[in-house]
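Asker: Structure, please.
(3 chains)
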Amino acid sequence: MYELMKRLFPICRSITGEGVRETLRILKETIPLDIIEVPTGTKVLDWEIPQEWNVKDAYVMNEKGERIIDFRENNLHLVSYSRPVNKTVSLEYLQNHLFSLEDQPSVIPYVTSYYNDYWGFCMSHEQRETLKDEEYKVVIDSELKDGSLTYGELVIPGRSRKEVFLSTYICHPSMANNELSGPVLTTFLAKWLLGRKRRYTYRIVFVPETIGSITYLSKHMDEMKEKIIAGYNITCTGDERGYSFLPSRYGNTLADKAALNILKTNQMDFVKYSFLERGSDERQYCSPGIDLPVASIMRTKYGEYPEYHTSDDNLNLVTAHGLQGSYNIYQQCLQAIEQNEVYKVKCLGEPQLGKRGLRSTLSTKESGKAVRDMMNFIAYADGENDLIDISNRIHVPLESLYPIIEKLTENDLLIKMPH
Amino acid sequence: MYELMKRLFPICRSITGEGVRETLRILKETIPLDIIEVPTGTKVLDWEIPQEWNVKDAYVMNEKGERIIDFRENNLHLVSYSRPVNKTVSLEYLQNHLFSLEDQPSVIPYVTSYYNDYWGFCMSHEQRETLKDEEYKVVIDSELKDGSLTYGELVIPGRSRKEVFLSTYICHPSMANNELSGPVLTTFLAKWLLGRKRRYTYRIVFVPETIGSITYLSKHMDEMKEKIIAGYNITCTGDERGYSFLPSRYGNTLADKAALNILKTNQMDFVKYSFLERGSDERQYCSPGIDLPVASIMRTKYGEYPEYHTSDDNLNLVTAHGLQGSYNIYQQCLQAIEQNEVYKVKCLGEPQLGKRGLRSTLSTKESGKAVRDMMNFIAYADGENDLIDISNRIHVPLESLYPIIEKLTENDLLIKMPH
Amino acid sequence: MYELMKRLFPICRSITGEGVRETLRILKETIPLDIIEVPTGTKVLDWEIPQEWNVKDAYVMNEKGERIIDFRENNLHLVSYSRPVNKTVSLEYLQNHLFSLEDQPSVIPYVTSYYNDYWGFCMSHEQRETLKDEEYKVVIDSELKDGSLTYGELVIPGRSRKEVFLSTYICHPSMANNELSGPVLTTFLAKWLLGRKRRYTYRIVFVPETIGSITYLSKHMDEMKEKIIAGYNITCTGDERGYSFLPSRYGNTLADKAALNILKTNQMDFVKYSFLERGSDERQYCSPGIDLPVASIMRTKYGEYPEYHTSDDNLNLVTAHGLQGSYNIYQQCLQAIEQNEVYKVKCLGEPQLGKRGLRSTLSTKESGKAVRDMMNFIAYADGENDLIDISNRIHVPLESLYPIIEKLTENDLLIKMPH
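Answerer: Below is the predicted model of the structure:
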């Protein structure tokens, strides 16, 4: 995952344009993505596909002819969707088009202006304070033209028509945790899913944030509302800090339930946010009338870490170890959803485990504890609770219940309730 | 309000008699009250209207001919509903008819004996301890005769037949927080309501406590049970201490919901009491089988402040500022009830606020926060939550939501659900 | 109770055999128990009645001919269900058949091996460490043969066919808190029930733990599921430590509700355990598909006190005082269940208590508190709450509500709702 991220990092993505296409082409080397183009001007829900934006070059040059701000050095230097410019301006004039962060003086902030005719540059506050009162040549060799919005889609069929939905976004330039950790992790989850037997069908999308999820919804909403039983918006999964959980609108879906079970029964250190603190594509997926069951498990949440939306959100912040941890959590979530059946114990009263070799026949002061998880599982395998309910109730991770279910099934003590 | 209270303070009110009538006549100068008389002996629910009680004079005179206790100095000196007396008694005999508070030695307590043949005087404990062992002349020039119980009523029509109910009481002699703050504040709320457009009809009553609310219920119960959607018993609203909330019997009515929303989202300092700690006319309104949705917002609650039911509950304890604070809270509650509609956002997915000028098109690290309240409102305006639900859920006071609703409605993004 | 326990203490009980029969015969002197025998080999749910086990003698003798371990001194010395043995063995060989507790070196542990061909001895760790490397003569004069499992049953009829169920066990050798406190207290509860009018029928069983409750269920399950409204598994009720509460599987039955009400409103010091920490016959009674409403009130819970399942669980640990406290709690629980009706106040609005002599007609600053419990009872006697609900809601013990109900009923102010 980390190697893939390094390759994607330098590309200048935005909500449309060649950066998105190149990113999707690279992901397609790993998983068989469909790449879809939606033309500028298409109405999508309350929105409209904007013009496509591409940049060849952009810089600010001082009187000595030095590129003091250079898009080629760091694509964060240019405000996203800046229109073409080529003129010489005073420092005073230039200042109105500059962005920096006074309280994080060494970083370049990330700024966008998608739906407005505008141009601007971002730079470190430290550098901004050294600017001399002279004339500056400002060049933005960008193009805004009718084109299309690009996204990637992969539907992996399962035994059931019912779907699990994974969404991630591919519209940010060179930033690692938000966003590249998302598409990279999602790519490897897709690859893992492709290689195993699946109960559910998986719908996996790589879209530009907001306009992309709105576009995708405008084309697939009815089908998604009918089929999707749980989904995750995958972002900010690459650092090594504690986990974050962002629920769906009412926090009561299977996606919420599976995620919280995994985080809690594995005793992960995590912060549970309110839906009021959302900020990514769950804004669309969970909106009134759409109501998809979509939650997010992140490392530190967007907006909550100092490097967020700055040049410090880079390949130092994200690590292979950080990505792997998030990947494991998501794998466990998907397994939880796949394995989440309602079980019922077949005998009345406790089964006699001793005669089946499932417990010691010798009873000492301590011997009860050894079969405690199995007996507690049996007590709540009453045809009412699903597996996640039982795991929550008896405080035992699903990973520890799977072998118990296997043993009990082998001994003909357990049945799966029909759906 | 404070001026009106000063005028009402000296009047000797009780559950019947001229003091009540005079009080209602004075309130009638501000609002068009109907004044109703119900004859002695009328059966009202489990009770019966008692005889009417009036006092001309009452005193205890020592051997020197000095009035050592004088009703004309402070009407709390006389136990309410004392029967006529004119005799000379020993100190020992007199002591059995005296009330004072050992742990509040400087105050005159307030004592009543409505439904029993009795007489008595109240005095400060300090004074009581100076009484000499001599003969005392005891005179109570009171009258108990068939007459009537008096109450005031004002029904202010609204667009809807459904009603909001305000009840306050006018049966206590010279005490300011409990009770005059109640009828005074209620009078000004009524005046404010008369001057504005109203969604609901307002039923406002000024009754003697307990027997008055029982009498009113006995005449209007069916109508009240059918029409009233929320109500408040208004009392103890005049001091400057923190607020108190007393819920309805199960704490689950619109009156409870609106009051708690206002107190919480405005971050008022308040104590939430249990219905077990009730002590005023909610005892009747919320009783089994009547079940009206009646709660109370107070300053410090009756029974919970040292001056309660003593001569220290006077015009020093209650202030114009204290009254104004309570008035504002009640205004906000009534507005909450009036404005409490179920809204539904009209578009699917988030609306594009930028193109409507409702948010900046420039997205920086901080720009999301500016529209956070609006986006959170939209997220829960799903046709299920009413406005108070949304305010509670997103922790934003209703005052801040009204302009958001206006903007969204102007932009045709919101509809009000039919009732 | 304590005298009965002293008499029962020396008997060597196990899950079958003469010790159980003798115990039941002694209990039958106090209450008219039916004693039932179920033959070896009978299938009972997932289990089968084992062979009957009886012991005449058992010891380990050293080379000097001294009985260094002697069953006749303490029946805990022998592992329950040890098969007959008569041989001479080395110390090394013997060690594999010895049990002791390193961290409680002075006590003899209690060990069983019901469903396996095995023999063994238990001894203090202190003594074990003094064993010399010599030859030991091991004699177990026990018998395992087809016979029967024995249990006692008593059904005490009430006005209703609906039943309250009490279960206790009689399969442990000389230990006092777990288990003799259980059958002893249950015997005296039964005696008390026999001497009074009963609303409900009482089904009371004295069974060997696990196999006995399974046996009883296999014969009476349908009837029990139809009739039982609440039940308790009575064990560990004899020490003087704080109380413990073990709920039913979902903690939502009348048995749970009554027990918690008694413990809470009487402000008893108690620990509330989870059903996950169960360990006695509620394992059967509350298992899926059986679902009986069975909870437990104990003193310190089995497994939670150091003397548990050792020779220190003796007549010093259990006291007459400890037993009496538990007995009182269970009496109150059973009374709570018997008395638990839904009441409705007959008048609308508060009744006028003064005219009925139920409250003082004089109203002072303090007089309201005297009738507070009665008024709070009336407020929630609305035909919806049962008596335990009201007690919980108004925080008043049932014992204090019974006289209030009597007074209100005498005054024709209260009706009992039909069932």
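Asker: The closest residue to A:H309 other than its chain neighbours: what's it in contact with?
Answerer: Distance criterion Cβ to Cβ, 6 or more residues apart in numbering or on different chains; nearest residue to A:H309, sequence neighbours excluded, is A:Y110 at 4.3 Å. (Each C-beta comes from the backbone N, C-alpha and C, glycine too.) Neighbouring residues of A:Y110 by Cβ atoms under 8 Å, 6 or more residues apart in numbering or on different chains: A:76, A:80, A:122, A:172-173, A:175, A:309-311, B:365.
Asker: mind listing the strands for the stretch 201-350 of chain A?
Answerer: A:201-207, A:228-233, A:243-246, A:270-272, A:294-298, A:342-345 (DSSP state E, counting those that start in this stretch).
Asker: Quick one: closest of these to chain C.
Answerer: Set against chain C and scored by Cβ to the nearest Cβ, the strands of the stretch 201-350 of chain A come closest in strand A:342-345, at 5.4 Å.
Asker: Could I get the buried residue list for the closest one?
Answerer: Judged by neighbour count using 16 or more other Cβ atoms under 10 Å in any protein chain shown, the buried positions of strand A:342-345 are A:342-343, A:345.
Asker: Nearest to C:S142 among those residues?
Answerer: Here the nearest of the buried residues of strand A:342-345 to C:S142, counting by Cβ to Cβ, is A:V345; it sits at 35.0 Å.
Asker: Please verify my assumption that that closest one contacts A:D382.
Answerer: Yes: the pair A:V345 / A:D382 is scored as a contact, 7.2 Å apart, by Cβ atoms under 8 Å.
Asker: residues in contact with the residue of the stretch 51-200 of chain A found nearest chain C?
Answerer: Of all residues in the stretch 51-200 of chain A, the one sitting closest to chain C is A:R199 (24.8 Å; Cβ to the nearest Cβ). Shown in contact with A:R199 (Cβ under 8 Å, 6+ apart): A:158-160, A:338.
Asker: excluding its backbone neighbours, what's nearest the closest residue to chain B within the stretch 151-300 of chain A?
Answerer: Residue of the stretch 151-300 of chain A nearest chain B, by Cβ to the nearest Cβ: A:P288 (3.4 Å). Nearest residue to A:P288, sequence neighbours excluded (Cβ to Cβ, 6+ apart): B:D382, at 3.4 Å.
Asker: do the same with A:K272
Answerer: Here the residue nearest A:K272, using Cβ to Cβ, 6+ apart, is A:F245, at 5.0 Å.
Asker: Count the residues that sit near whichever residue of the stretch 51-200 of chain A sits closest to chain B.
Answerer: Closest residue of the stretch 51-200 of chain A to chain B, Cβ to the nearest Cβ: A:N116 (3.7 Å). A:N116 is flanked by 13 other residues according to other Cβ atoms under 10 Å in any protein chain shown.
Asker: Would you confirm that it contacts B:L362?
Answerer: Yes: judged on Cβ under 8 Å, A:N116 makes contact with B:L362 at a distance of 7.1 Å.
Asker: which stretches of chain A form helices?
Answerer: A:2-8, A:18-28, A:91-95, A:125-128, A:181-194, A:211-227, A:254-265, A:282-285, A:320-339, A:372-380, A:387-394, A:398-410 (DSSP state H).
Asker: for the record, mean pLDDT for the fifth one?
Answerer: Confidence for helix A:181-194, expressed as mean pLDDT, is 98.
Asker: Show me what that helix is packed up against.
Answerer: helix A:2-8, helix A:18-28, strand A:148-156, strand A:163-169, strand A:201-207, helix A:320-339 (3 or more Cβ pairs under 8 Å, 6 or more residues apart in numbering or on different chains; DSSP states H and E).
Asker: Ok, the second one next?
Answerer: Here helix A:18-28 is seen to pack against helix A:2-8, strand A:34-39, strand A:148-156, helix A:181-194, strand A:201-207 when contacts are counted using 3+ Cβ pairs under 8 Å, 6+ apart.
Asker: Same check on the fourth one?
Answerer: Taking 3+ Cβ pairs under 8 Å, 6+ apart as contact, there are no helices or strands that helix A:125-128 lies on.
Asker: switch to 10 Å and redo it
Answerer: When contacts are defined as 3 or more Cβ pairs under 10 Å, 6 or more residues apart in numbering or on different chains; DSSP states H and E, helix A:125-128 packs onto strand A:67-70, strand A:98-99.
Asker: Pull out the buried residues from it.
Answerer: A:125, A:128.
Asker: Same question for stretch A:342-359.
Answerer: So, applying 16+ other Cβ under 10 Å, buried residues of stretch A:342-359: A:342-343, A:345-354, A:358-359.
Asker: right, and out of the residues you listed, which lies closest to chain B?
Answerer: A:V342 (28.3 Å).
Asker: Apart from its neighbours in sequence, what residue is nearest that closest one?
Answerer: In space, A:V342 is closest to A:M417, 4.1 Å off (Cβ to Cβ, 6+ apart).
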